[in-house]
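K.L.:
here you go, sequence then predicted model.
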Protein chains: 2
Amino acid sequence: MANSVWSEKILQLLRRMNNFYVPGSCRANCFRFEIDGAQVGWIPPHVAALLSRYPDVFSPPHGGAVSLCHSLDSYGRRSEAVDAVLQTLRQEGSLTCLRGWRDEKYSVMSKFSDPPLMWMERAATSLFGVKRYGVHINGYTVSDSGEVSMWLARRSPTKQTYPGLLDNVAAGGLAAGVGVKHTLVKECEEEACIPAAIAEKARPVTTVSYTYVDEGEVFAECQFAFDLELPLDFKPRVGDGEVQDFYLLPIDKVKELVATDDFKPNCAMVVLDFLIRHSFIEPDTEPCYQEFVAGLHQTLE
Amino acid sequence: MANSVWSEKILQLLRRMNNFYVPGSCRANCFRFEIDGAQVGWIPPHVAALLSRYPDVFSPPHGGAVSLCHSLDSYGRRSEAVDAVLQTLRQEGSLTCLRGWRDEKYSVMSKFSDPPLMWMERAATSLFGVKRYGVHINGYTVSDSGEVSMWLARRSPTKQTYPGLLDNVAAGGLAAGVGVKHTLVKECEEEACIPAAIAEKARPVTTVSYTYVDEGEVFAECQFAFDLELPLDFKPRVGDGEVQDFYLLPIDKVKELVATDDFKPNCAMVVLDFLIRHSFIEPDTEPCYQEFVAGLHQTLE
């Protein structure tokens, strides 16, 4: 792929993954989702219309915001009341995303540094534009002569989301109340059979954050990225069936792949960040260098 | 310094360095600075008022923008016409920043990836909110036992800007038409007597970008950051007199210092980014981790 074609593909990826911030996006029509006056997400109009049927849980839209009713004044009460609404909507079957119900509780908070205000089923978070946090691991090797290769996973063809696409060696969402490193070690073990003794050597390096709209749902996500240099004689193995195969690829091949549709988009962003941090992309030869960096680290509003 | 006090100081630094983006900033009153329909900066109202005296160079404000006159239809014509205005304003002496005239030509462009539309004297760029690009080098050592220390410079007490404050081991602005790595090697040599053979080993790792308003001027800046591991037996030496001294400090001491007023603010940001990339800050113990990362990499609008 010619350099300029590659750069344009990467810019397209970053624009798509940040399309919520673009003037003219659906953001103007979304309601702020507020709990106790603090914004915790964005609710698209069609979701707000559905929620208006549950006035004991969601106050009607006011001043551009949909709020949880003030009577729901604790973590437990809020979580249970919203979960009951979501279970009803799930049974009605009109919201596609709820068919992917996972029984995974995500924390709902204004900022990562604030205490959670409630939990919400993972599959429902995009209906409320609630920020989701996860962890992604760049698993790589360095040969004796210094050549870098990266382990990539190919997602199972039966995965609900992005089946068959390339992924980081391991990744997972942060469930309510569970630490970042703890989640990393668990996902490495479950998805790639990487033993804890190796996974614990992973080093935190940055976050990759973005907000996009897809089919009327809002995805506001922050991935904590880790680098994990794997021993040359170690091979990840398929664990819980979320992955069909692992490949060890030279870094130039990986660079080519991140600009293709064969990659799950947010994983391509995590790898792009790796390529920048490890100097496989240089500002004197990549005119869009700064746009790439800024596009990988957008503020979650 | 307690962990939470340190985090709050860092957040304050990042908010100050991104204060142009905050609702209620002077951005609402600034005029877009446009050349041939492309925005290249932001002009504060008091500067726009001065420029209205030169209608052959600057078209009067229209639709929230001040434009260069269309008759100035080449790189050379635009640069010379604006320079003549700036020389006049400099002689009048009313604009403090022009007292720091440096005879350094900066490229003016809409994006770093676009061809420059003109050059402008460095000291004048903040009157027009023109994006400035520079290079900053994290010079560090790794002991045999793996302990990381960082070389910091203390700026000369006679420097025009930020005299006496802590700085990266070397840094400099990108002059029109000069490459990033070339500038790095030159600044390493001139400021810190780091020979080219060592400086060339510096590795590009990211950009740090921010836009702030200070005393009615707009600073939109992007620093290309490089990591340079220095040999344990190498000592930077004062070169061109921009620096009074160099210190090699343990990384924990450096971490403490970035949260103090003893650091030039944008250099503190470059070091903060180093601390994150090198895992001296971790997401499980630093609740503001994601806010730090996002605050270091704002889009230049």
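P.N.:
Yes, it's here.
K.L.:
residue nearest the centroid of chain A?
P.N.:
The central residue of chain A, meaning the one whose C-alpha is nearest the mean C-alpha position (C-alpha atoms, centre = their mean), is residue A:221 at 4.6 Å.
K.L.:
make sure that residue is indeed in a strand.
P.N.:
Yes: the assignment for residue A:221 by DSSP: H, G, I helix; E, B strand; the rest coil puts it in a strand.
K.L.:
three-state assignment of the most far-flung residue of chain A relative to its centre?
P.N.:
Each residue of chain A has a distance to the centre, and by C-alpha atoms, centre = their mean the biggest one is for residue A:145: 34.5 Å. At residue A:145 the chain is in coil, as set by three-state DSSP.
K.L.:
tell me who's in contact with residue A:31.
P.N.:
Taking C-beta atoms under 8 Å, 6 or more residues apart in numbering or on different chains as the contact definition, residue A:31 lies against A:42-43, A:45, A:48, A:61, A:64-66. Every C-beta, even on glycine, is put in place using the N, C-alpha and C of the backbone.
K.L.:
give me the low-pLDDT residue ranges for chain A?
P.N.:
By pLDDT under 70, the low-scoring segments of chain A are A:1, A:301.
K.L.:
quick one, helices of it?
P.N.:
Taking DSSP state H, the helices of chain A run over residues A:3-17, A:45-51, A:75-92, A:180-192, A:196-199, A:251-258, A:265-277, A:289-296.
K.L.:
tabulate those (a markdown table), appending distance to chain B and mean neighbour count.
P.N.:
Formatted as a markdown table, these follow (distance: least, C-beta to the nearest C-beta, whole Å; neighbours: other C-beta atoms under 10 Å in any protein chain shown):
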| stretch | distance to chain B | mean neighbour count |
| --- | --- | --- |
| helix A:3-17 | 8 | 16 |
| helix A:45-51 | 24 | 17 |
| helix A:75-92 | 18 | 16 |
| helix A:180-192 | 5 | 21 |
| helix A:196-199 | 14 | 15 |
| helix A:251-258 | 14 | 18 |
| helix A:265-277 | 5 | 24 |
| helix A:289-296 | 4 | 23 |
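K.L.:
how's chain A carved up into domains?
P.N.:
Per the record, chain A has its domains at A:3-21+A:132-296, A:26-129, by automatic domain parsing.
K.L.:
and the ones you listed: which comes nearest residue B:226?
P.N.:
Between residue B:226 and the domains of chain A, the shortest gap by C-beta to C-beta is with domain A:3-21+A:132-296, which sits at 8.8 Å.
K.L.:
distance between the ends of that closest one?
P.N.:
In terms of C-alpha to C-alpha, to the nearest Å, the two terminal residues of domain A:3-21+A:132-296 are separated by 19 Å.
K.L.:
try stretch A:220-238
P.N.:
Using C-alpha to C-alpha, the distance between the terminal residues of stretch A:220-238 is 29 Å.
K.L.:
same question, stretch A:122-134
P.N.:
Stretch A:122-134 has an end-to-end distance of 12 Å (C-alpha to C-alpha).
K.L.:
so what's the gap between it and the chain middle?
P.N.:
9 Å (C-alpha atoms, centre = their mean, to the nearest Å).
K.L.:
what's the answer for stretch A:137-147, then?
P.N.:
Mean-position distance between stretch A:137-147 and its chain equals 25 Å (C-alpha atoms, centre = their mean).
K.L.:
do stretch A:30-43 as well
P.N.:
A distance of 20 Å separates the C-alpha centroid of stretch A:30-43 from that of its chain, computed with C-alpha atoms, centre = their mean.
K.L.:
tell me which residues in it are buried?
P.N.:
Neighbour-count burial for stretch A:30-43 flags A:30-35, A:40-43 (criterion: 16 or more other C-beta atoms under 10 Å in any protein chain shown).
K.L.:
tell me how many other residues crowd whatever residue of the stretch 101-250 of chain A ends up closest to chain B.
P.N.:
Proximity to chain B, evaluated over the stretch 101-250 of chain A using C-beta to the nearest C-beta, is greatest for residue A:113 at 3.4 Å. Using other C-beta atoms under 10 Å in any protein chain shown, residue A:113 has 15 neighbouring residues.
K.L.:
how close does it sit to residue B:288?
P.N.:
Per C-beta to C-beta, to the nearest Å, residue A:113 is found 5 Å from residue B:288.
K.L.:
what sits against the residue lying closest to residue A:81 once chain neighbours are set aside?
P.N.:
Excluding its sequence neighbours, the residue lying closest to residue A:81 (C-beta to C-beta, 6 or more residues apart in numbering or on different chains) is residue A:57, at 4.7 Å. The neighbours of residue A:57, taking C-beta under 8 Å, 6+ apart as the test, are A:51, A:68-69, A:72, A:81-82, A:84-85.
K.L.:
distance to residue B:156 for those residues - can I get that in a markdown table?
P.N.:
What follows is those, written out as a markdown table (distance: C-beta to C-beta, whole Å):
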| residue | distance to residue B:156 |
| --- | --- |
| A:51 | 62 |
| A:68 | 57 |
| A:69 | 62 |
| A:72 | 60 |
| A:81 | 63 |
| A:82 | 60 |
| A:84 | 67 |
| A:85 | 64 |
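K.L.:
which one of those is nearest residue B:123?
P.N.:
Lowest distance from residue B:123 to the contacts of residue A:57 (C-beta to C-beta) belongs to residue A:68, with 53.2 Å.
K.L.:
show me what the closest one is bridged to.
P.N.:
Beta-bridge pairing for residue A:68 (DSSP bridges): residue A:58.
K.L.:
restrict stretch A:14-32 to CA atoms and write it as PDB.
P.N.:
Once non-C-alpha atoms are left out, stretch A:14-32 reads as follows in PDB (Å, rounded to 0.1, in the frame of the first residue of the first chain):
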ATOM      1  CA  LEU A  14      -9.900   7.700  13.300                       C
ATOM      2  CA  ARG A  15     -12.700   9.900  11.900                       C
ATOM      3  CA  ARG A  16     -15.200   7.000  12.000                       C
ATOM      4  CA  MET A  17     -14.200   6.100  15.600                       C
ATOM      5  CA  ASN A  18     -14.600   9.800  16.700                       C
ATOM      6  CA  ASN A  19     -17.700  10.600  14.600                       C
ATOM      7  CA  PHE A  20     -19.700  11.600  17.600                       C
ATOM      8  CA  TYR A  21     -17.500  14.700  18.000                       C
ATOM      9  CA  VAL A  22     -18.000  15.900  14.400                       C
ATOM     10  CA  PRO A  23     -20.300  18.900  13.800                       C
ATOM     11  CA  GLY A  24     -23.600  17.600  12.400                       C
ATOM     12  CA  SER A  25     -23.400  14.300  14.300                       C
ATOM     13  CA  CYS A  26     -26.400  13.000  16.200                       C
ATOM     14  CA  ARG A  27     -24.900  14.500  19.400                       C
ATOM     15  CA  ALA A  28     -27.000  17.600  18.800                       C
ATOM     16  CA  ASN A  29     -30.200  15.500  19.100                       C
ATOM     17  CA  CYS A  30     -29.000  13.300  22.000                       C
ATOM     18  CA  PHE A  31     -30.100  13.900  25.600                       C
ATOM     19  CA  ARG A  32     -27.500  14.100  28.300                       C
END
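K.L.:
how distant is it from the center of its chain?
P.N.:
The offset between the C-alpha centroid of stretch A:14-32 and the centroid of the whole chain comes to 17 Å, using C-alpha atoms, centre = their mean.
K.L.:
identify the residues contacting the closest residue to residue A:226 other than its chain neighbours.
P.N.:
In this structure, residue A:226 finds its nearest non-sequential neighbour in residue A:202, 4.1 Å apart by C-beta to C-beta, 6+ apart. Under the criterion of C-beta under 8 Å, 6+ apart, the neighbours of residue A:202 are A:137, A:181, A:184, A:188, A:226-228.
K.L.:
what do you get for residue A:95?
P.N.:
Counting by C-beta under 8 Å, 6+ apart, residue A:95 touches A:50, A:89, A:127.
K.L.:
likewise for residue A:254?
P.N.:
For residue A:254, the contacting residues are A:150, A:152, A:271, A:275, taking C-beta under 8 Å, 6+ apart as the criterion.
K.L.:
sounds good, over and out.
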